[in-house]
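>>> fold the following, please.
(2 chains, ligands or ions: 4)
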Amino acid sequence: MEDTAKMPLNETGNLVDVKNLVKYFPVRKGIVIQRHVADVKAVDDVSFFIRPGETLGMVGESGCGKTTVARTMLQLYRPTSGTVEFQGQDLATLKGRALRDARREMQMIFQDPYGSLNPRMNCGNIIGEPLIVHKLTRSRNEYRDQVAELLTTVGLAPYMASRFPHEFSGGQRQRIGVARALAVRPSFIACDEPVSALDVSIQAQLINLLEELQAQFQLTYLFVAHDLSVVRHISDRIVVMYLGKIAEIATRDELYANPLHPYTQALLSAVPIPDPVIEATRSRILLTGDVPSPLRPPPGCVFNPRCQSVGDDCAGTHTEGLTNEAGVPDLREVSPDHWVSCIKV
Amino acid sequence: MAKLLEVDDLATYFFTPEGVVKAVDGITYDLEEGEVLALVGESGCGKSVSALSLMRLIANPGRNVRGSVMFDGKDLLELTEPEMRGIRGNDMAMIFQEPMTSLNPVLTIGKQLTEAITLHLGYDKQQSEGRAGDLLEMVGIPEGRGRLNDYPHQFSGGMRQRVMIAMALSCNPKMLIADEPTTALDVTIQAQILELVQELGKETGTSVLIITHNLGVVARYADRVNVMYAGKIIERGTAREIYGNPRHPYTIGLLKSVPRLDETRKELLEPIEGLPPDLIFLPEGCAFRERCAYAIDRCATEIPPLVEVADAHTAACFVSDQLGSEWGGNK
Ligand SMILES: Nc1ncnc2c1ncn2[C@@H]1O[C@H](COP(=O)(O)OP(=O)(O)OP(=O)(O)O)[C@@H](O)[C@H]1O
Ligand SMILES: Nc1ncnc2c1ncn2[C@@H]1O[C@H](COP(=O)(O)OP(=O)(O)OP(=O)(O)O)[C@@H](O)[C@H]1O
Ligand SMILES: [Mg+2]
Ligand SMILES: [Mg+2]
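Ligands and ions are numbered 1, 2, ... in the order given. Purely as a prediction, here's the structure:
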């Protein structure tokens, strides 16, 4: 990744390049004089790229940093270090019009369909607000037509524009979030657990909608979720995160057929399959212990305390070509498009 | 096997200013000793209310309006409140849907665990603490005894959930109700905990009623399944029957709408269109009718009863015998 990631857009062809991204949240103590006592290492040196038109899935346990990656990519959080390039341009260096354009191109659908919509705005204005902010509408009539069209696109009726968020179901609210993100004609949407809060029957409706919109508007998605069956269904490639770091990246079929990182193997074996006949004979890898705190990540490979394949050299031993100075495994491309950070692979 | 629990025509309504919410509307089922029974269905269909009704934990404006709950030879709905308190947490224990809010943040883990043990088993302080420490180790918290003086915030989410399970198991219940025990957890921790519940069930003969909307969890852990829709059980059978030979359009819809890890990617998922009905204004006839592709005229006027469609398998649908081929079955 190092080599390709340094090339400009016209050579890599990537829509998004994330390089060595770090996001720490400081923990402070004291009422009058706040002392900086520690850092939550939410995202710790993460590099990946997204190709135009693809869906990059992102999975990992609660608290491993998925939302933080998405928000930092969109500059909703300022990175502690590292860069995010969109169409070959470093977002941190953009100013004025160029920054506004980049902001418009990159949208986000949020995890919580209940908390992410302003309860005092009606649905039409929630969807239409970005049109006004980005000056994409010229008259009141055009605005009304645009909002109506957006509502229809996401499977809601234009007359619903005057309703308020509490008058919609969870699934419908998530559709409003999608319509709002689509309003400014973005090329990239970060979907943060867009279906996790919804019932299975409603989930399927929304997943289909996202896929149809992708085909219709040539959208590129980052799709964050913890349901691995859903991620498998929707993604082209998948990033597996663990405690602020990337464990593995591979194409969907490769990841599910040939998982290399011990964490990915455990994760996949833990997903129950809705078929009692298959379940009766399936073997699974049970991890022991809890996810360690991002305040004090273990030395070396962050997964080593729970790892079923752990060896003596996993807890901070420097291995030339496989780890950095501190013994943290490098993310290596072991076969085309298959990256893994484990020295045992 | 002997029956531990027999629920007959249980109904619980909420009398709200907007109208009567028929949250649970005449459900009948049983649970055998040592069995794991799953209750599945969409959000709001009455799963939690039906479980809370067994425990008699329904508060105003809710009320049990009919039916009986025979548990270990007694009708729980006929007991006095002090008698019921002797059963709750003792013979019948529950892991609640929101574990994070069910622990008291200002009491130590040890205090919360020993309270029930002292009350129900009559142990002294030292015995209770010994048992509490053992329980924590049993649910996979290393050095359990050493952590009795910790407060809930010092435990991670997964650990707190395990404390809840330890608490539920502290008095060797005959029956454990687990309401969405793992939705807030990640798959690897989820697997750890469900495995534990299943193992303990086998070891101690405890029967388990597990409430979930994860169809994978059901397939892995349940012996039998009840599918609920709008306050009623609409299909019931062994897990193998329900997954291999579903006979209610709603169950088929649920099974078709989830992507599966072991399946090659389909072009599009097949969702169940529409939304569940409002439980105050239930339509006449079958409650699933408006979302159902197989509805016939009769469905608009009559409520289909649960009838046997195969051995140990019942479904409440007038056209269930025509649905045998609708589900391609499991590959
Ligand atoms: N604003 C913040 N201030 C301090 N810590 C934070 C903040 N946001 C996130 N964190 C911490 O950073 C870590 C990563 O959080 P993040 O929300 O990115 O996880 P996630 O992978 O999205 O989890 P989930 O699956 O539960 O949504 C967690 O330990 C979290 O507590
Ligand atoms: N105190 C109450 N007052 C009025 N209605 C209530 C009350 N408690 C529950 N209900 C209604 O009863 C119905 C059943 O609720 P219940 O909590 O049993 O659903 P559930 O199947 O457990 O859903 P979920 O999967 O979301 O937990 C719902 O429609 C709910 O709105
Ligand atoms: Mg998140
Ligand atoms: Mg519930």
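>>> so residue A:239, which state does it fall into?
strand (DSSP: H, G, I helix; E, B strand; the rest coil).
>>> so for the closest residue to ligand 2 within the stretch 51-200 of chain A, what pLDDT did the model give?
Across the stretch 51-200 of chain A, no residue is closer to ligand 2 than residue A:199, which sits at 7.6 Å (Cβ to the nearest ligand atom). Where C-beta positions appear, they are placed from N, C-alpha and C, glycine not excepted. At residue A:199, the model reports a pLDDT of 77.
>>> same check, this time on residue A:10
Confidence for residue A:10, expressed as pLDDT, is 45.
>>> now residue A:30
73.
>>> quick one: neighbours of it, just the number.
By the other Cβ atoms under 10 Å in any protein chain shown criterion, the neighbourhood of residue A:30 contains 9 residues.
>>> now it. Its backbone dihedrals?
Phi and psi for residue A:30, reported as degrees, to the nearest 10, are phi 100, psi 150.
>>> longest helix in chain B, by number of residues?
Determined from DSSP state H, the single longest helix within chain B is helix B:187-204.
>>> now do that helix: which elements does it pack against?
Judged by 3 or more Cβ pairs under 8 Å, 6 or more residues apart in numbering or on different chains; DSSP states H and E, helix B:187-204 is in contact with helix A:262-270, helix B:157-169, strand B:175-179, strand B:207-211, helix B:215-221.
>>> show me the strands in chain A, by range?
A:16-29, A:35-50, A:55-59, A:81-86, A:89-90, A:106-109, A:188-192, A:220-224, A:237-242, A:245-251, A:332-335, A:338-340 (DSSP state E).
>>> send the alpha carbons of the third one over as CSV?
In other words, strand A:55-59. This file holds the C-alpha atoms of strand A:55-59, laid out as CSV (Å, rounded to 0.1, in the frame of the first residue of the first chain):
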residue,chain,number,x,y,z
THR,A,55,-18.3,-0.5,-1.7
LEU,A,56,-15.7,-0.9,0.9
GLY,A,57,-17.1,-2.8,4.0
MET,A,58,-15.7,-2.1,7.4
VAL,A,59,-16.3,-4.5,10.3
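>>> return the helix or strand in chain B with minimum mean pLDDT.
None of the helices or strands of chain B scores lower by mean pLDDT, DSSP states H and E than helix B:99-102, at a mean of 63.
>>> mind checking what helix or strand follows that one in sequence?
Moving toward the C-terminus from helix B:99-102, the next helix or strand (DSSP states H and E) is helix B:109-121.
>>> and that next one, what's its mean pLDDT?
On average, helix B:109-121 scores 88.
>>> what of stretch B:125-144?
Per-residue scores along stretch B:125-144 average to 86.
>>> quick one: that stretch near chain A?
Yes: using Cβ under 8 Å from any Cβ of the partner chain, we find that stretch B:125-144 touches chain A at B:140, B:142.
>>> picking up where we left off before, of the helices and strands packed on helix B:187-204, which is nearest ligand 1?
Once these are compared by Cβ to the nearest ligand atom, helix B:157-169 is nearest, at 9.1 Å.
>>> quick one: distance of the closest one to the chain centre.
Its chain's C-alpha centre lies 17 Å from the corresponding centre of helix B:157-169 when counted by Cα atoms, centre = their mean, to the nearest Å.
>>> any idea how far residue B:298 is from ligand 1?
46 Å (Cβ to the nearest ligand atom, to the nearest Å).
>>> that's a strand at that residue, yeah?
No: with three-state DSSP as the criterion, residue B:298 is helix rather than part of a strand.
>>> can you count the residues close to it?
Count around residue B:298 with other Cβ under 10 Å applied: 13.
>>> can you tell me the closest non-neighbouring residue to it?
Nearest non-adjacent residue to residue B:298, counting by Cβ to Cβ, 6 or more residues apart in numbering or on different chains: residue B:318, 5.5 Å away.
>>> residue A:207 too?
Using Cβ to Cβ, 6+ apart, the closest residue to residue A:207 is residue B:269 (5.7 Å).
>>> go on, residue B:121?
Per Cβ to Cβ, 6+ apart, closest to residue B:121 is residue B:171, 5.9 Å.
>>> and the one you found, what does it touch?
Listed by Cβ atoms under 8 Å, 6 or more residues apart in numbering or on different chains, the contact partners of residue B:171 are B:89, B:90, B:91, B:93, B:116, B:117, B:120, B:121.
>>> mind saving the C-alpha coords of stretch B:236-253 as PDB?
The C-alpha trace of stretch B:236-253 is given here as PDB (Å, rounded to 0.1, in the frame of the first residue of the first chain):
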ATOM      1  CA  ARG B 236     -44.400 -23.000  16.200                       C
ATOM      2  CA  GLY B 237     -42.200 -26.000  15.700                       C
ATOM      3  CA  THR B 238     -38.800 -27.600  16.200                       C
ATOM      4  CA  ALA B 239     -36.000 -25.400  14.900                       C
ATOM      5  CA  ARG B 240     -35.300 -27.900  12.100                       C
ATOM      6  CA  GLU B 241     -39.000 -27.700  10.900                       C
ATOM      7  CA  ILE B 242     -39.200 -24.000  11.100                       C
ATOM      8  CA  TYR B 243     -36.000 -23.500   9.100                       C
ATOM      9  CA  GLY B 244     -36.400 -26.400   6.700                       C
ATOM     10  CA  ASN B 245     -40.200 -26.300   6.200                       C
ATOM     11  CA  PRO B 246     -41.600 -22.900   7.200                       C
ATOM     12  CA  ARG B 247     -45.400 -22.700   6.500                       C
ATOM     13  CA  HIS B 248     -46.400 -19.200   7.400                       C
ATOM     14  CA  PRO B 249     -45.700 -16.400   4.800                       C
ATOM     15  CA  TYR B 250     -44.300 -14.200   7.500                       C
ATOM     16  CA  THR B 251     -41.700 -16.800   8.600                       C
ATOM     17  CA  ILE B 252     -40.800 -17.400   5.000                       C
ATOM     18  CA  GLY B 253     -40.400 -13.700   4.500                       C
END
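>>> residue B:303 contacts residue B:285, correct?
Yes: counting by Cβ atoms under 8 Å, residue B:285 is a contact partner of residue B:303 at 6.2 Å.
>>> quick one, which of these two is more surrounded?
residue B:285 (18 against 14).
>>> farthest out from the centre of chain B, which residue is that? Tell me.
In chain B, counting by Cα atoms, centre = their mean, residue B:126 sits farthest out from the average C-alpha position, at 34.5 Å.
>>> which of the three states applies to that residue?
Secondary structure for residue B:126, judged by three-state DSSP, is helix.
>>> how far away is it from residue B:133?
11 Å (Cβ to Cβ, to the nearest Å).
>>> residue B:308 - that's part of a strand, no?
Yes: Residue B:308 sits within a strand when classified using three-state DSSP.
>>> isn't it up against residue B:314?
Yes: Residue B:308 lies in contact with residue B:314 (Cβ under 8 Å); the separation is 5.3 Å.
>>> which of those two has more neighbours?
residue B:314 (22 against 12).
>>> which residues does the nearest residue to that one once chain neighbours are set aside contact?
Spatial nearest neighbour of residue B:314, excluding adjacent residues (Cβ to Cβ, 6+ apart): residue B:306 at 4.5 Å. By Cβ under 8 Å, 6+ apart, residue B:306 lies in contact with B:28, B:233, B:234, B:235, B:236, B:314, B:315, B:316.
>>> can you name the residues that contact the first one?
With contact set as Cβ under 8 Å, 6+ apart, residue B:28 has these partners: B:7, B:8, B:9, B:10, B:233, B:306.
>>> what about the first one, which SS state?
Same thing as residue B:7. Assignment for residue B:7 (three-state DSSP): strand.
>>> can you list the contacts of residue B:306 in a markdown table and add pLDDT and secondary structure?
Shown next, in a markdown table, are the contacts of residue B:306 (pLDDT from 0 to 100; DSSP: H, G, I helix; E, B strand; the rest coil):
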| residue | pLDDT | secondary structure |
| --- | --- | --- |
| B:28 | 96 | strand |
| B:233 | 97 | strand |
| B:234 | 97 | strand |
| B:235 | 97 | strand |
| B:236 | 97 | strand |
| B:314 | 97 | strand |
| B:315 | 97 | strand |
| B:316 | 97 | coil |
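>>> what's the helix or strand for the residue nearest to residue B:298?
Going by DSSP H and E, residue B:318 is not part of any helix or strand.
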